[in-house]
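Chemist: Next comes the sequence, and after it the predicted model I'd like to discuss.
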Amino acid sequence: MSRANPFAPTALEGRSLGAEKVARLGFLVVTLLLLIPALGILAVLVVEGAPGMSLAFFTEKPRENGAAGGIATALVGTVWLTAVALAIALPVGVAAAIYLSEYARDNWLTRTINVAIVNLAGVPSIVHALFGVGAFVHFLQFGKSILAASCTLAVMTLPVVIVATRESLQAVPKAFRDASWNMGATRWQTIWHIVLPNSGSGILTGLILVVCRAVGETAPIMFTGAVFFRQLYPGGVFDKTMALSLHLFNVSTQVTNVPRHVPFAVALTLIMVVLSMNALAIWFRMKLRGRKKW
Amino acid sequence: MVSSPAAPFAQDAAAPALLTVRGLSIRYGAKVALQGVDLDVRPNEIFGIIGPANAGKTSFLRALNRMDEFVPDMRVDGAVTFAGRDLRTIRNLYALRSHIGVVFPLPVGLPLSIYDNVALAPRLRGVKAKSELDGIVERSLRRAALWDEVKDRLKNLGSLLSGGQQQRLTIARALSQEPELLLLDEFSIAVDPVTTMRIEEVLKELRQELTIVLVTNLVQQARRLAARTAFFLGGRCVEIAATEDLFNGGAKDQRTIDYLEGRFG
Amino acid sequence: MTTAQQPPTPHRGQPAWAAALDTRDRAWWNDLAMRGVVLAGGMSAVLFIVAIFGFIASQGFEFIVNRLDLGELLLGVRWEPTVEPPQYGALPLIAGTGWITAVAMAIAVPLAFGAAIYVGEFARGKQREWLKIGIELLAAIPSVVWGVIGLHVMKPIIQELFGVQVGLNVLNAGIILGLMAAPIMATIAEDALKAVPDSYREAAEALGATKWQVVWKVVLPHARPGLSAAVLLGIGRAFGETIAVLMASGHRLMIPESIFDSAATLTATIAAELGEAAVGGDHYQVLFVLGMLLFLITFAINLTADWIVRGRRSKA
C-alpha cells in the first residue's frame, strides 16, 4: 500500500477547493455579464451605424431637421461647448485642487469644501440644467447661448477636475516640498516649480475627463444653449448652437422619417470620441506609472 | 579616526552669537517636542547636537528655519535671534530661509537636472544671467566636493545619482544661496562611510565661511567636527560644553556620561 | 512663534544682508496673491452648491410661498400641467422613479459586487488591469447613447422576449440604468474591498480558509460600510439620470403597475416639459420645485454615503 501524500487535500479540503473554483468562475461570469453588454453595444453601434458613416457625414450640415445631410454643425457646436467649458472648469478646478492639496488644513472649511465637492458630483444633471437656466440664462443674462451652456457644463465637471488633480498633486512626495521650502522658496514657487511639473498626468487626466463628460452630456445643455436645429456655425460664445449629444436625442426621439442608420451613426461618432479620450487618459496614467522620476 | 587638533576649533567667545536661543519650546498639538532650550551659536562655529531619537533635535532645526509655518500643528514659543534679529518679527520668512541652508537625513534630489537642482534657489530669488548661474552651480558643487564627479553630466537628473552623491547635491543646493548658517540633520544616515568622511572634510572647510549646526546620531562625528556640543534628551537640553571637555570626562550630567558611553540611545 | 510680537530692534552689529528679512519682495506678494486665488478656487465648490440650491429655490419661490400644496404635490395621482385647471400631482413621477431605481438596483447590485469581488479578490495581473479598464470604459458611455440603446436595441428584445406590446417600460429603463450605475458602484465597492487590510486576509488564510471563505467571512463583513456607500451612490446615480431614462421608459405619466408598464421619472419630466413651460409660470415653477426635491434627496444620499465612508475611516 503506497503512502498517501501527506499534503494532498483531504476529502473536506477537496470539497472546499472545488467550491473555490466554482466561486471564482461564478464571479468571473458576473464580471463578464457586466462587460459583455458594453461590447454588445459597441458591436451594435458599429454594425448599424457604419452605413451612415462617410466623410460627407462629418462635413455636411444637417438638413430636414437632421433626417438628411451630415452632422457638421453639431460637431462644431460640441467642440465650442467643450472648449469653453474646459476654459472655465480647468483653471477653477486646478486652483481648488491646489488649495486642497497644498494649503488646506484639517478644519471645518476644508471639510465643508470636501462635502461640497462630493455633493456637486452627485447632483443630477437635470438639476444642473435648472441651475444653468436660473443662473446663467436668466440671472446673468447670457441668454440661451454657448456661454450659458458651457458654464453649466463647467460647474458640473468641476468635481472631476478637482478630484483628479488633487490626487496627482498629493502623489508628489512631501520631501520635495520640504526641500523647496527650506531653500526659501515660497509656497507658490514650490507649487509652480516643483509640485505641478511633477504631478504628471493629473491635470491632463482631469482635462480629458472633462472633455468626455462635456461631450456626452445632454440634459444640462438642452435648455441653456443647445438647439434642435441650426444650420449656421456658431460665431461666438453668445450664439446658440447644435450639439452632438442633443442632436442624437433629437434624431432618436423627435424627428420623424429618420433613416435607421442615422441615430446609430451619430451615436457611434459620439462614443468614438468619448472612448478614445478615455483610452488616452488610461494610457497616460499607465505610461506615467511606468516612469516615475523618483 | 585621529582626533583633530584642538586649535582650529578655538572660538572667540567674545564674538556676538549668530544665533541665540532663549526658552525655546516646541509642541505638536498636545505633544511637547522641546522644552526650555537656551543656547548660543557663535559665528564660524560647528555646533554639534547629539542625543537619542525623539530628543527634539530635528524639531529644533525646524524652529530655526521657521518651518512651523508649514507644519499645521507645530507651535513654537520662546525667543530665537538670528544675526541679531528676532525670528518672530521677520517680515519675509522666505528671505530668512534663503540665508539658512538645510540638509536632511535622507538626500532629496529634486526631479530636476543636477544643474537645475543647484540653480533653483538662486533663480527663484531672481538670478537670471546664465553666466552668473553657471558660476553659482560650479562653486556650490565644488564646495560640496561633487563637481568633479558630475561636471560632464550636469543635464542628468539629480534624482538618479547615488545616495552619497545626492546628499552632496543636497549640500550644494543648500550652499547655492551663500547661506550664513547651515543646518545638517543626521546627514550621514543614508550615506556610506567613505562619503561621510568626504562630507566631513567639506564641512571643516566650510567652517571658514559659515556657521554650522550639526545634528548627529553619531557621537564620534560630533567629536570629530564640533567645537561645542549640546546633548538633547527627551525634549530638553541636558548639557552644553566644549566638545573636547565633554569627551574627556568633563560631562557634568550623569545622563550625558551614560549616553556618551553608549549605555542607552 | 506665537508669543507676543516685539517691534523689530535693529541690532547694532546687524549685517547688511539682514535688511532683506524685512523686505517683502515680489515673490512674497506673489505668494500672497496666489494663496487668495487658490482659496477662491476651493471656495468655488461651496459657492456653486449653495448657488444651485439658491437659484432653484428662487425660481420656484413664488409658487412655494403662495400656491404649493405639498400633500397634493407628493400624493396627487394626476400630473396634467397643460389641461385646465392644471394638476400637479407628482406621485406618478415619484412612483416611476422608485420603480425604475429599484429595478436598476436589482440588476446593478449583484453585477457590481460580483465584478468588484472578482476584480478585487480573484483576478491578478494583466487580467485584472483589463477588467478594470473595461469597467472604466463602460462608465464613460454617455447617457444619450444608453438612451439610443434602450430605444432601438432593448425595446425589440423586450417585446420579443416577454411578448409584451410596449417595449419602452420600467424594465427597459431599469436595465439601462442598472448597467449605467454598475461600473461606478463596482469601482467604489472595489475600493472598499481594497481598504480591508491584507493582514486580515493573511490571518484567515493561515487558518486554512479558502479564498472564497476569506472573502465571505472576513473581507465582505469588514467592507460593509464601503459597500453600503456604493449602493447609496448607485441609487443616487440611477435616481438622477435623465436623458437615458426619458428615452427608455416610454415616459407615461401614470403610476406603473408592473415592470412592463411605461413610466415617467421626476428627472425625465423636468427635461420633457421645461422647454414648453412659460418662463415664470406655475408649470415652470413647479418643475423647479421638483428640481429642489431632487437636489435635496441626492444631497441627503451623498451626505449619508460620505458619512458612512468617513465614519469607517476615522474608526480605523
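Modeler: Cool, the structure landed.
Chemist: Please enumerate the strands of the stretch 1-150 of chain A.
Modeler: Here the stretch 1-150 of chain A has its strands, by DSSP state E, counting those that start in this stretch, at A:62-63, A:68-69.
Chemist: What distance do you get for the residue in the stretch 101-250 of chain B that chain C sits nearest to to A:T186?
Modeler: Of all residues in the stretch 101-250 of chain B, B:L124 sits closest to chain C, with a separation of 6.8 Å (C-beta to the nearest C-beta). Backbone N, C-alpha and C define where each C-beta goes, glycine included. As judged by C-beta to C-beta, to the nearest Å, B:L124 and A:T186 stand 8 Å apart.
Chemist: burial count for whichever residue of the stretch 151-294 of chain A sits closest to chain B?
Modeler: Going by C-beta to the nearest C-beta, chain B is nearest to A:G184 of the stretch 151-294 of chain A, at 3.1 Å. Using other C-beta atoms under 10 Å in any protein chain shown, A:G184 has 25 neighbouring residues.
Chemist: With B:N44 instead?
Modeler: The number of residues near B:N44, taken as other C-beta under 10 Å, comes to 16.
Chemist: Let's verify it: helix, strand, or coil?
Modeler: The three-state assignment at B:N44 reads coil, by DSSP: H, G, I helix; E, B strand; the rest coil.
Chemist: Equivalent analysis for C:V279, please.
Modeler: Following three-state DSSP, C:V279 is assigned to coil.
Chemist: Count residues in the vicinity of it, would you?
Modeler: Around C:V279 there are 11 other residues, counting by other C-beta under 10 Å.
Chemist: Phi, psi for it please.
Modeler: Main-chain torsions, C:V279, degrees, to the nearest 10: phi -60, psi 130.
Chemist: same question, B:T211
Modeler: Backbone geometry at B:T211, expressed as degrees, to the nearest 10, gives phi -110, psi 140.
Chemist: and chain A, which of its residues are near chain B?
Modeler: In this structure, chain A approaches chain B at residues A:105-106, A:175-187, A:189, A:193-194, A:198, A:293-294, judged by C-beta under 8 Å from any C-beta of the partner chain.
Chemist: What about chain C: which of those residues touch it?
Modeler: Among the residues of chain A next to chain B, chain C is touched by A:T186, A:R187, A:Q189 when using C-beta under 8 Å from any C-beta.
Chemist: Which parts of chain B are strands?
Modeler: Here chain B has its strands, by DSSP state E, at B:19-28, B:31-41, B:46-50, B:74-82, B:85-86, B:100-103, B:181-185, B:211-216, B:228-233, B:236-242.
Chemist: what's the pLDDT at the residue in the stretch 51-200 of chain B positioned nearest to chain C?
Modeler: The minimum distance from the stretch 51-200 of chain B to chain C, using C-beta to the nearest C-beta, falls at B:G84 (2.5 Å). Listed pLDDT for B:G84 reads 84.
Chemist: Compute the number of surrounding residues for it.
Modeler: What B:G84 shows, counting by other C-beta under 10 Å, is a neighbour count of 17.
Chemist: B:V150 versus that one, what's the distance?
Modeler: 38 Å.
Chemist: One more: C:L168?
Modeler: C:L168 is 71 Å from B:V150, by C-beta to C-beta.
Chemist: One more: B:E200?
Modeler: 20 Å.
Chemist: The residues of chain A next to chain B in helices, which ones?
Modeler: The members of the residues of chain A next to chain B that map onto helices under DSSP state H are A:A175, A:F176, A:R177, A:D178, A:A179, A:S180, A:W181, A:N182, A:R187, A:Q189, A:N198.
Chemist: Contacts only, for the second one.
Modeler: The one in question is A:F176. For A:F176, the contact set (C-beta atoms under 8 Å, 6 or more residues apart in numbering or on different chains) comprises A:I194, A:V195, A:N198, A:W294, B:V108, B:L110, B:P111.
Chemist: On the pLDDT front, check the first one for me.
Modeler: With respect to pLDDT, A:I194 scores 92.
Chemist: Could you pick out the buried ones from the contacts of A:F176?
Modeler: Among these, those scoring as buried are A:I194, A:V195, A:N198, B:V108, B:L110, B:P111 (criterion: 16 or more other C-beta atoms under 10 Å in any protein chain shown).
Chemist: Among these, list the two that are farthest apart in space.
Modeler: With C-beta to C-beta as the measure, no two of those lie farther apart than A:V195 and B:V108, at 13.8 Å.
Chemist: Now do the helices in chain C.
Modeler: Taking DSSP H, the helices of chain C run over residues C:26-59, C:61-66, C:70-75, C:91-117, C:125-140, C:143-149, C:155-162, C:170-194, C:198-206, C:211-213, C:220-240, C:243-248, C:266-273, C:282-315.
Chemist: Lowest average pLDDT across those helices?
Modeler: Looking at the helices of chain C, the weakest mean confidence is helix C:211-213, a mean of 83.
Chemist: Determine the set of other helices and strands touching that one.
Modeler: With contacts taken as 3 or more C-beta pairs under 8 Å, 6 or more residues apart in numbering or on different chains; DSSP states H and E, helix C:211-213 sits against helix A:11-49.
Chemist: and with 10 Å instead?
Modeler: Using 3 or more C-beta pairs under 10 Å, 6 or more residues apart in numbering or on different chains; DSSP states H and E, the elements in contact with helix C:211-213 are helix A:11-49, helix C:198-206.
Chemist: Lowest mean pLDDT across the ones you listed, which one is that?
Modeler: Among the helices and strands packed on helix C:211-213, helix A:11-49 carries the lowest mean pLDDT (a mean of 83).
Chemist: How far away from the center of its chain is it?
Modeler: Here the centre of helix A:11-49 is set off from its chain's centre by 27 Å, with C-alpha atoms, centre = their mean, to the nearest Å.
Chemist: and that helix, does that touch chain C?
Modeler: Yes - Helix A:11-49 reaches chain C (C-beta under 10 Å from any C-beta of the partner chain) through A:13, A:16-42, A:44-45, A:48-49.
Chemist: Restrict those to the buried ones and give me that as a PyMOL selection.
Modeler: Here is the PyMOL selection string for the buried members of those, based on 16+ other C-beta under 10 Å:
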select buried, chain A and resi 16+20+23+24+27+28+30+31+32+33+34+35+37+38+41+42+44+45+48+49
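Chemist: Poorly predicted segments of the chain, please.
Modeler: Going with chain A. Applying pLDDT under 70 to chain A flags residues A:1-17, A:201, A:288-294.
Chemist: Please refer instead to chain B.
Modeler: Applying pLDDT under 70 to chain B flags the ranges B:1-15, B:265.
Chemist: circling back: pick the most buried one from the strands of the stretch 1-150 of chain A.
Modeler: strand A:62-63 (a mean of 18; mean count of other C-beta atoms under 10 Å in any protein chain shown).
Chemist: And it, what does it pack against?
Modeler: Packing partners of strand A:62-63 (3+ C-beta pairs under 10 Å, 6+ apart): strand A:68-69, helix A:72-98, helix A:244-253.
Chemist: now the angle from the longest one to helix C:26-59?
Modeler: What it means is helix A:72-98. Helix A:72-98 and helix C:26-59 meet at an angle of 120 degrees, taking axes from the mean of the first three to the mean of the last three C-alpha atoms, to 10 degrees as the criterion.
Chemist: Name the residues of helix A:72-98 that come out as buried.
Modeler: Judged by neighbour count using 16+ other C-beta under 10 Å, the buried positions of helix A:72-98 are A:72-82, A:84-86, A:88-90, A:92-98.
Chemist: just how off-centre is that helix within its chain?
Modeler: 11 Å.
Chemist: quick one on the thing from earlier: of B:E200 and B:V150, who's got more company?
Modeler: Higher neighbour count among B:E200 and B:V150: B:V150, with 20 against 16, using other C-beta under 10 Å.
Chemist: Now do the same contact list for the closest residue to that one other than its chain neighbours.
Modeler: Nearest residue to B:V150 in three dimensions, chain neighbours excluded: B:I114, at 5.3 Å (C-beta to C-beta, 6 or more residues apart in numbering or on different chains). The neighbourhood of B:I114, defined by C-beta atoms under 10 Å, 6 or more residues apart in numbering or on different chains, consists of B:137, B:141, B:146, B:149-151, B:153-161, B:165-166, B:169, B:172-173.
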